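In: structure for this input, please:
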Amino acid sequence: MSNFPVPEKMQAVYDAYPESVKDRLLFLRELIYETALANSVVGPLEETLKWGQPSFLTSRSKSGTTIRLDQIKSSNGSCGLYFHCQTDLVDRFRALYPEIMTYEGNRCILFYAEDDIPVQALKHCLAMALTYHHDKKTNQSS
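Out: Just a heads-up that it's a prediction; the model follows:
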């Protein structure tokens, strides 16, 4: 049972995924909410669809960049976390965690069906995304 129930408007989206992908996406979704809740800067998340993908926005605080979830169409049972390609986030993730996660270009962390999800490292990456704009502003004013 999730601590963060899926909004009714989003349930059909998750239900449309194959069961193995759905389970993995819901696990990633849970990590996003846990990470947001643990950081007082982030505030409540807005869960919506962008490009047909479940997406998480810091609409109220505007502290972070959008995080999207989706299956990898070309790889059975695999999924990804997508970040805005004009940020340097994926490059930063790659520098911090070069061996324990797989990346696609400058926009995605990939999770193949057989991969274990490195929860602590991923939560660190999610926190960086959820505070991306806040951190840029804070660093500019320092």
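
In: the top helix by length along the chain: which residues count as buried?
Out: In the chain, with assignment by DSSP state H, the single longest helix is helix 19-37. Buried residues in helix 19-37, counted by 16 or more other CB atoms under 10 Å: V21, K22, R24, L25, L26, L28, R29, L31, I32, Y33, T35, A36. Every residue, glycine included, has its C-beta placed from N, CA and C.

In: F93 and G105 touch, don't they?
Out: No: taking contacts as CB atoms under 8 Å, F93 lies outside contact range of G105: 12.0 Å.

In: so which of these two has more stuff around it?
Out: F93 (22 against 8; other CB atoms under 10 Å).

In: poorly predicted segments of the protein, please.
Out: 1, 136-137, 139-142 (pLDDT under 70).

In: please repeat the previous calculation with a cut-off of 90.
Out: 1-3, 9, 20, 73-77, 85, 112-115, 133-142 (pLDDT under 90).

In: what ranges do the helices span in it?
Out: Counting by DSSP H, the helices of the chain are 8-15, 19-37, 89-96, 119-130, 132-140.

In: let's have those helices in a markdown table, adding distance to I109.
Out: Listed next are those as a markdown table, based on distance: least, CB to CB, whole Å:
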| stretch | distance to I109 |
| --- | --- |
| helix 8-15 | 19 |
| helix 19-37 | 9 |
| helix 89-96 | 6 |
| helix 119-130 | 7 |
| helix 132-140 | 15 |
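
In: of all the ones you listed, which one is nearest L69?
Out: Smallest distance to L69 across the helices of the chain (CB to CB): 5.1 Å, for helix 19-37.

In: and that closest one, what other elements does it pack with?
Out: Counting contacts by 3 or more CB pairs under 8 Å, 6 or more residues apart in numbering; DSSP states H and E, helix 19-37 is packed against helix 8-15, strand 53-57, strand 67-71, strand 79-83, helix 119-130.

In: same for the longest one, what does it pack against?
Out: In terms of contact count using 3+ CB pairs under 8 Å, 6+ apart, helix 119-130 is assigned the packing partners helix 19-37, strand 67-71, strand 79-83, helix 89-96.
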